[in-house]
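Colleague: sharing a model prediction with you, sequence too.
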Amino acid sequence: MNDVQNFAFRFRFRHMTKSKLFFATLLALLFYVSPVSASDCGEKQDPCGKRTGWSKFETVRLRLHQAGMSVPVNWLMQSSRKNNDLQVDIEYADPKQPQRGTIMMVEGMTFVSKGIILTKGREIDQLDWPLLSILVTQKALGRALPDGPEKITGNRQIKFDDKKTGIQFATPSAEGFIPPPWSLIGLVEKNADGSVDFDLKLTWTQNEGKQIKRPTAFTLTGQFKHSNDFAIDSNMSLEGLDVFGVGAIVEKTASGTRIDYGAKPTQGKPRTVADIRKAIAAENYPGEADLSVNFAGFWKGSCSDGFGLRIKPVDIPGMYTVTFCGPGGCGDEGNERKTFIKGDKRYNVISATELQVGQEGSRSTYKKCSNNMLP
């Protein structure tokens, strides 16, 4: 999709080492993003830790139109906190390359695409674009109306600008930044069922070099709505659909080993969504407790990295949660998977201070850099 490449804030795909376990943190990032550390705060970056109700909605309709785009793009995101299912319906009537289809994440782990043109090696881009757009809408509203939708009755006019602090936003595989100064104007309207309609214009100046500054604007219209019963149909046939696992991709190049994050073909040939769920259930076996080793702490591929894994004990002896922390924040604790690590197929324990994470054949190595559970 040409407009993906020319998207105004030029979201950048990070070459980070992550296993597909951490794509499940996507919903946590959509619902709540917390800071990695206080050092990430600053007048030119995102403010730290300010949570608002704008990130609580499970269903989002968003229509985005940017100057320079031939037509707007329409997305409908439905998600579930209970099972980590996520679905994005896409409608984009670009005369050069129209798109109309659906991308799904089954239990936050398996990527399924129907009717969408995918670029080999960059399949995850088609999901990052709508999710980044939803995130920036949520964060902009959170800055303009920090009390959230709970305090709104009827219509609320918005006229907000920030000359000092930009907007930073990220998924597990991509990130973006809108620099200051930026402004948000428009209208939000709260409905009787608790949903919120919005019609907004977000503007800023994009820096494209020392001498090039380009005024940029998004028109963002749509609706936030609560939904508690969304689930991808387990009986859905996968015939003719694209199915990928999501995780670290290791490539050998002339200059060394390159580790990226994206979609790769699944092992086996699932015929239905139910087959995917069965495979995930088998893969989710948490292992066995080993009380002789304390895995709690912060782990990184290199201790100089600005991202890594927070391993935190829970109330069951020998059990932990493992959360990816990056520039966009750490996953929300309520959505983390519990594991004993030892005996879990997603981990290979080398020693008490060294782990391999991911699927066999494409594991990434992490070292324990701190006993503290924040970087």
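Modeller: Structure's in. What do you need?
Colleague: now do stretch 293-307, average pLDDT.
Modeller: Mean pLDDT, stretch 293-307: 91.
Colleague: how long is it end to end?
Modeller: Its first and final residues considered, stretch 293-307 spans 23 Å by C-alpha to C-alpha, to the nearest Å.
Colleague: what's the first-to-last distance across stretch 175-193?
Modeller: Where stretch 175-193 starts and where it finishes are 33 Å apart, if you go by C-alpha to C-alpha.
Colleague: avg pLDDT for it?
Modeller: Rounded mean pLDDT across stretch 175-193 is 94.
Colleague: that one: which residues count as buried?
Modeller: Glu175, Gly176, Phe177, Ile178, Pro179, Pro180, Trp182, Ser183, Leu184, Gly186, Val188, Lys190 (16 or more other C-beta atoms under 10 Å). From N, CA and C alone the C-beta is placed, and that goes for glycine too.
Colleague: now the fourth one. Nearest residue, chain neighbours left out?
Modeller: Which is Ile178. Ile167 (4.3 Å; C-beta to C-beta, 6 or more residues apart in numbering).
Colleague: what about that neighbour, neighbour count?
Modeller: Ile167 has 24 neighbours, counted by other C-beta atoms under 10 Å.
Colleague: next one: phi and psi at it?
Modeller: The phi and psi values for Ile167, taken as degrees, to the nearest 10, are phi -120, psi 120.
Colleague: just Arg277 next, same as before
Modeller: Per degrees, to the nearest 10, the backbone of Arg277 is at phi -60, psi -40.
Colleague: what do you get for Ala144?
Modeller: Main-chain dihedrals, Ala144, degrees, to the nearest 10: phi -80, psi -40.
Colleague: pull the helix or strand with minimum mean pLDDT from the chain.
Modeller: In the chain, no helix or strand scores lower on mean pLDDT, DSSP states H and E than strand 12-13, which sits at a mean of 38.
Colleague: measure the residue nearest to Ile178 to Lys96 for me?
Modeller: 30 Å (C-beta to C-beta, to the nearest Å).
Colleague: can you check Phe340 too?
Modeller: 51 Å.
Colleague: okay, the two: which has more neighbours?
Modeller: Applying other C-beta under 10 Å to Phe340 and Lys96 shows that Phe340 carries more neighbours, namely 20 against 8.
Colleague: helix or strand for the residue nearest to that one when sequence neighbours are not counted, which one?
Modeller: Among residues not flanking Phe340 along the chain, Gly287 sits closest, at 3.9 Å (C-beta to C-beta, 6+ apart). Counting by DSSP states H and E, no helix or strand carries Gly287.
Colleague: how many residues are close by Gly287?
Modeller: 17.
Colleague: verify the stated contact: it with Asp344.
Modeller: Yes - at 3.7 Å, Gly287 and Asp344 qualify as touching, with contact defined as C-beta atoms under 8 Å.
Colleague: related to what we said a few turns ago, contacts only, for the residue nearest to Ile178.
Modeller: Asp46, Val136, Lys139, Ala140, Arg143, Phe177, Ile178, Trp182 (C-beta atoms under 8 Å, 6 or more residues apart in numbering).
Colleague: report pLDDT for the spatially most central residue of the chain.
Modeller: Closest residue to the average C-alpha location of the chain: Thr171 at 2.8 Å, with C-alpha atoms, centre = their mean. At Thr171, the pLDDT value in this model is 80.
Colleague: can you check Pro327 too?
Modeller: The model's pLDDT for Pro327 equals 66.
Colleague: with Gly42 instead?
Modeller: Confidence score, pLDDT, at Gly42: 56.
Colleague: likewise for Gly142?
Modeller: At Gly142, pLDDT is 94.
Colleague: what about it, helix or strand, and which?
Modeller: Here Gly142 is assigned to helix 125-144, by DSSP H and E.
Colleague: tell me the first helix or strand C-terminal of that helix.
Modeller: strand 155-162.
Colleague: residues in contact with that next one?
Modeller: Under C-beta under 8 Å, 6+ apart, the answer for strand 155-162 is 141, 143-145, 180-190, 200.
Colleague: pairing partners for it, with directions?
Modeller: Next to strand 155-162 in the sheet, as set by DSSP bridges, lie strand 182-190 (antiparallel).
Colleague: relative orientation of the partner strand and helix 125-144 in degrees?
Modeller: 90 degrees (axes from the mean of the first three to the mean of the last three C-alpha atoms, to 10 degrees).
Colleague: from what I see, Ile134 and Leu64 are in contact.
Modeller: No - the pair Ile134 / Leu64 is not scored as a contact, 9.5 Å apart, by C-beta under 8 Å.
Colleague: residues in contact with both of these two, list them for me.
Modeller: With C-beta under 8 Å, 6+ apart, Ile134 and Leu64 have common neighbours Trp75.
Colleague: which stretches of this structure form helices?
Modeller: 2-5, 25-31, 125-144, 273-283 (DSSP state H).
Colleague: mind putting these into CSV with distance to Arg100 and mean neighbour count?
Modeller: Output for those, formatted as CSV (distance: least, C-beta to C-beta, whole Å; neighbours: other C-beta atoms under 10 Å):
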stretch, distance to Arg100, mean neighbour count
helix 2-5, 15, 14
helix 25-31, 23, 23
helix 125-144, 12, 23
helix 273-283, 21, 17
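Colleague: TSV for those, including distance to Phe307?
Modeller: Formatted as TSV, these follow (distance: least, C-beta to C-beta, whole Å):
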stretch	distance to Phe307
helix 2-5	24
helix 25-31	12
helix 125-144	17
helix 273-283	24
